[in-house]
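In: Fold the following and give me the result.
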Amino acid sequence: MSRNSKPRILLVKHWIDIHDRGLRLIAARCKDAGFEVVYASYSQPEEVVKMAVQEDVDVIGMSFFTSAYEAHLPKVMKGLKENNMNNVMVVLGGVIPDEDYDMLKSSGVREIYGAGSDINQFIELVKNEAGKPA
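Out: As a prediction, the model looks like this:
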């Protein structure tokens, strides 16, 4: 785990997605759980990687309300690998069709949380697995 043995989480959404209610709720709950949280909007996947490197995060949570994950996720995963950040856990949330879950998980996504998911499951996942070798 990063600084002070607290999980450090980067929560991001694409700048064009106007939604953020769920992500803000997750950020607040993660802070209450004792995690360090960085919350940001981004326009390019390279920015997510740059923030992850600069902030030395254990977890990246990406929220999508469009199918932009199809284009963005491969670039983020490639950038993490190029920066030797293979141990960073990547989770997705938002509106993602069930039929895409297997493809996303095979590309390295640890978990996917759709609308109505239990935030406590995410918090437990981070507590139990953040910072462990990939």
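In: List the buried residues in the worst-scoring helix or strand of the chain on mean pLDDT.
Out: Using mean pLDDT, DSSP states H and E, the weakest-scoring helix or strand in the chain turns out to be helix 21-32, at a mean of 90. Residues of helix 21-32 classed as buried by neighbour count (16 or more other C-beta atoms under 10 Å): Gly22, Leu23, Ile26, Ala27, Cys30. (C-beta placed from N, C-alpha, C; glycine too.)
In: what distance separates that helix from the middle of the whole chain?
Out: With C-alpha atoms, centre = their mean, to the nearest Å as the basis, helix 21-32 stands 13 Å off its chain's centre.
In: And the contacts of that helix?
Out: Residues from elsewhere that reach helix 21-32 (C-beta atoms under 8 Å, 6 or more residues apart in numbering): 9, 11, 13, 37, 39, 61, 63, 93-94, 115, 119, 122-123, 126.
In: and that helix, C-alpha only, in CSV?
Out: Extracted as CSV, the C-alpha positions of helix 21-32 are listed here (Å, rounded to 0.1, in the frame of the first residue of the first chain):
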residue,chain,number,x,y,z
ARG,A,21,-23.3,11.6,-8.0
GLY,A,22,-22.3,7.9,-7.5
LEU,A,23,-18.6,8.6,-7.8
ARG,A,24,-18.9,11.4,-5.2
LEU,A,25,-20.7,9.1,-2.8
ILE,A,26,-18.0,6.4,-3.3
ALA,A,27,-15.3,9.0,-2.6
ALA,A,28,-17.0,10.1,0.6
ARG,A,29,-17.5,6.6,1.8
CYS,A,30,-13.9,5.7,1.0
LYS,A,31,-12.7,8.7,3.0
ASP,A,32,-14.9,7.6,5.9
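In: circling back to that earlier point, of the contacts of helix 21-32, grab the buried ones for PyMOL.
Out: To isolate the buried ones among the contacts of helix 21-32 in PyMOL, judged by 16+ other C-beta under 10 Å, type:
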select buried, resi 9+11+13+37+39+61+63+93+94+122+123+126
